[in-house]
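> give me the fold of what follows.
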Amino acid sequence: MAYSRSSEPIQFSRDCDVVMVPQGDRVNLPAGTAGYITQALGGSFTVFVDGNLFRVAGLDADAIGKDIVPPPQLPDNATDADVEAAVWNQLRTCFDPEIPVNVVDLGLVYQCELEQVESGQRRVSVRMTLTAPGCGMGEVLVEDVRAKVELVPTVIEADVELVFDPPWNQSMMTEGARLQVGMF
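Numbering: from 1, shown residues only. Have a look, this model is predicted:
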């Protein structure tokens with residue numbers, strides 16, 4: 001694999017648990033491992049090491065010399081609309097490690113509903129799909145969506161359901177996403 005000029009060399013400063021792309025297997029890369037960042041979107045990183053791609057979670061960004069992304073914040077008097085907007089903003093920070101487009105613009109999020117529960121807290125229900133049913137990164141993307149939505153203040157639980165009906169197709173992408181990946 002040739003490296004583009006935008007690929008940034010990195011070296012792990014500490015042992016780090018990562019996810020192999022696209023298989024979804026969790027592995028540990030030891031301190032001193034060298035590679036290149038091939039994608040840095042949504043607070044996580046895709047790195048190329050020894051002929052393989054790995055996803056480094058945003059909470060482990062320090063292992064490759066990057067800043068950890070701070071969690072979202074809301075004003076004390078946040079309305080339901082404010083919380084819903086923050087949830088959608090968080091969904092837009094979730095990326096397939098192989099495609100530089102967020103899951104919302106890819107058309108992978110079919111439904112997102114908020115329910116207010118005790119003392120103003122909320123539960124969020126997300127129904128989403130994958131670009132390919134056999135994608136090994138499916139559970140990783142689901143967990144990424146769940147974890148990022150649960151960072152929104154007042155959200156106490158995010159239930160993320162992976163569905164395959166209707167099947168995803170390229171027409172579900174936003175026009176901007178199709179343009180970005182050259183599908184026009």
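> quick one: distance of stretch 14-23 to the chain centre.
Centroid separation between stretch 14-23 and its chain, computed with Cα atoms, centre = their mean, to the nearest Å, is 14 Å.
> got a list of contacts for it?
Contacts to stretch 14-23, defined as Cβ atoms under 8 Å, 6 or more residues apart in numbering, come from residues 25-31, 46-47, 52-57, 60, 62-64, 97-98, 135-137, 140. Just so you know, the C-beta spots here come from the backbone N, C-alpha and C atoms, and that holds for glycine as well.
> among those residues, which are in helices?
In this view, the contacts of stretch 14-23 that belong to helices under DSSP state H are residue 140.
> find the centremost residue of the chain, please.
Centroid check for the chain by Cα atoms, centre = their mean gives residue 94 as the closest residue, at 2.5 Å.
> next, give phi and psi for that residue.
Dihedral angles of residue 94 (phi, psi; degrees, to the nearest 10) stand at phi -100, psi 120.
> which residues does it contact?
When contacts are counted by Cβ under 8 Å, 6+ apart, residue 94 touches 42, 102-104, 141, 144-145, 148.
> mind putting the residues you listed into TSV with pLDDT, neighbour count and distance to residue 154?
Output for the contacts of residue 94, formatted as TSV (pLDDT from 0 to 100; neighbours: other Cβ atoms under 10 Å; distance: Cβ to Cβ, whole Å):
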residue	pLDDT	neighbour count	distance to residue 154
42	88	20	21
102	95	19	23
103	96	24	22
104	97	19	21
141	91	24	24
144	91	27	20
145	95	24	17
148	94	24	15
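> which of these lies closest to residue 181?
Distance to residue 181, by Cβ to Cβ, is smallest for residue 102 among these, at 12.0 Å.
> which residues of the protein fall in helices?
80-91, 138-149, 175-180.
> redo those helices as JSON lines? Include distance to residue 164.
Formatted as JSON lines, the helices of the chain follow (distance: least, Cβ to Cβ, whole Å):
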{"stretch": "helix 80-91", "distance to residue 164": "19"}
{"stretch": "helix 138-149", "distance to residue 164": "10"}
{"stretch": "helix 175-180", "distance to residue 164": "20"}
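> perfect, that will be all.
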